[in-house]
Each structure stands twice: as structure tokens, then as C-alpha cells.
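> can you look at this prediction? I've put the sequence above it.
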Amino acid sequence: MNGLILWGAGGHAKVVLDCALLSGCFSPIAFLDDAAEWEAGGTFCDHPVLGGREQLRSAIRCGYHAVLVAIGDNRIRSRCLQISSEHGLQPATIVHPGAVVSPSALLCPGTVVMPRAVINAGAVIGRDCIINSGAVLEHDVHIGDHAHISPGAVLGGAVRIADYVHVGIGAVILPGAEIGEGAAIGGGAVVLRSVAPRTTVAGVPAKLLTLVSA
């Protein structure tokens with residue numbers, strides 16, 4: 001089996017670790033984290049923390065060749081994945097055994113699918129995405145790179161999500177809507193129509209709140 005680095009030792013990483021362990025595809029598993037508290041190493045959830053990004057080359061020499069960035073923020077996750085790739089680590093794809101993924105769905109590298117998530121026929125999930133617990137992606141949904149679909153969100157058929165989008169907890173996006181790059185959908189929102197890039201919408205029905213910083 002392949003040794004796996006999980007970059008990020010926080011709350012989200014605990015769930016990613018469960019997914020990785022239950023998948024049975026990775027051993028050993030260790031963490032990487034740039035926070036000062038991990039400079040000297042230690043353990044997180046009974047797994048070693050190797051230190052910060054300066055330990056990437058050492059990790060490869062020790063048999064860790066796959067990485068998944070276990071950080072919720074889309075842009076931070078994207079930067080960490082780029083750094084990992086530059087050092088020669090391969091992005092892992094991790095699917096919790098309690099998720100339901102259609103055989104015709106496509107999952108790109110660096111993506112994690114959490115427990116009870118449902119990804120239906122014809123869906124395409126880009127690189128470095130989080131499909132969080134209990135999210136439902138209906139047929140022919142297309143998600144770009146570095147997106148986060150939060151717990152309990154529901155995306156209707158043929159919804160298109162661009163890069164760096166965050167869909168909040170329990171949000172509903174009706175079939176055929178297109179969500180522009182970098183947009184944020186508030187928790188519990190019901191999106192009836194397409195959303196412009198780098199905007200935030202919330203409410204029922206969802207309305208524009210603000211522009212998102214680039």
C-alpha cells in the first residue's frame with residue numbers, strides 16, 4: 001500500500017483520516033502541518049506529525065508518496081497541493097466506504113468523498129475537492145477544481161460549479177444552475193438560478209449579499 005501524507009492537523013483532518021483508514025488503501029499515514037505547535041513533531045489522532053512543509057522531501061524518502069490536503073479553505077488547499085506536487089507527491093483520491101458513487105461518475109485526483117455522500121450518474125468532480133458528509137450530487141453535476149460542497153448540501157441535476165466555489169451546509173441548488181468561479185453559497189440557501197463569479201448569496205430564495213475578494 002501507499003504511504004499517505006495528510007496536510008493539515010485540524011478538525012477536518014480527523015474526518016479525512018477516518019475516510020483514509022476505512023478505505024484500506026493507505027499505509028502508513030502521517031500528518032504535515034505548518035502551525036508552530038507541530039514544529040517539533042508529535043502525534044495527532046495517534047498518527048505522527050512530521051512537522052511543516054520543510055519535511056516534504058524527507059517524507060518522500062520515508063515512503064510517503066501520496067498526499068491529500070485536509071484543509072477546508074479552498075485557496076489554501078490549492079496552494080498546499082501545488083507545493084506538494086512540486087515536491088513529487090501524488091494527489092490521492094479518498095472515498096469513504098459509506099459513500100455512494102456511481103460507476104459512471106468521474107473523481108479527479110486530490111478529492112475526498114465523505115460518509116453518506118451520494119454522487120450520481122454522469123457527475124464529474126474536479127481536482128482537490130471536498131464532497132462533505134451527506135452531500136447529494138445528482139446526475140450530470142459538474143464541479144470544477146478546489147471546490148467544497150458542505151455537509152447536507154443538495155445539487156440538482158446538471159448543476160455546474162466552477163473552481164473555488166464553496167457551497168454551505170444544507171444549501172440546495174436547483175437543476176441546471178451555474179455557480180461562477182469563487183462564489184460562496186450560504187448555509188441553508190435555496191439557489192433558483194445561476195450565481196455570478198466571486199459573489200456571495202444566501203437566503204430562501206438566495207439573494208446577493210456581497211462580492212467575494214479575489
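Done, it's in. What you see is a predicted model; the values in this text were computed from it and never measured. Residues are numbered from 1 along each chain as shown.
> any idea how far Ala202 is from Leu4?
Note on Leu4: its distance to Ala202, by CB to CB, to the nearest Å, is 36 Å. Backbone N, C-alpha and C define where each C-beta goes, glycine included.
> tell me which residue is most central in the protein.
Ile130 (2.1 Å; CA atoms, centre = their mean).
> need the contact list for it.
Residues in contact with Ile130 (CB atoms under 8 Å, 6 or more residues apart in numbering) are His12, Gly72, Thr111, Val112, Met114, Ala147, His148, Ile149.
> wait, the last one touches Val141, no?
No: taking CB atoms under 8 Å as the contact criterion, Ile149 and Val141 are not neighbours in contact, 9.3 Å apart.
> overlap in contacts, these two.
Residues touching both Ile149 and Val141 by CB under 8 Å, 6+ apart: Leu155, Ile161.
> higher neighbour count, those two?
Ile149 (31 against 25; other CB atoms under 10 Å).
> who's that one bridged to?
Per DSSP bridges, the residues bridged to Ile149 are Ile131, Val167.
> gap between the residue in the chain sticking out farthest from the centre and Asp34?
The centre of the chain is farthest from one residue, Ala40, which by CA atoms, centre = their mean lies 27.5 Å away. Distance, Ala40 to Asp34, using CB to CB: 13 Å.
> and what of Asn132?
Where Asp34 is concerned, Asn132 sits at a distance of 23 Å (CB to CB).
> residues touching Ile185, list them.
With contact set as CB under 8 Å, 6+ apart, Ile185 has these partners: 153, 165-168, 171, 173, 179, 191, 195, 200-202, 206.
> go again with 6 Å.
If you count contacts by CB atoms under 6 Å, 6 or more residues apart in numbering, Ile185 has them with Val167, Gly168, Ala171.
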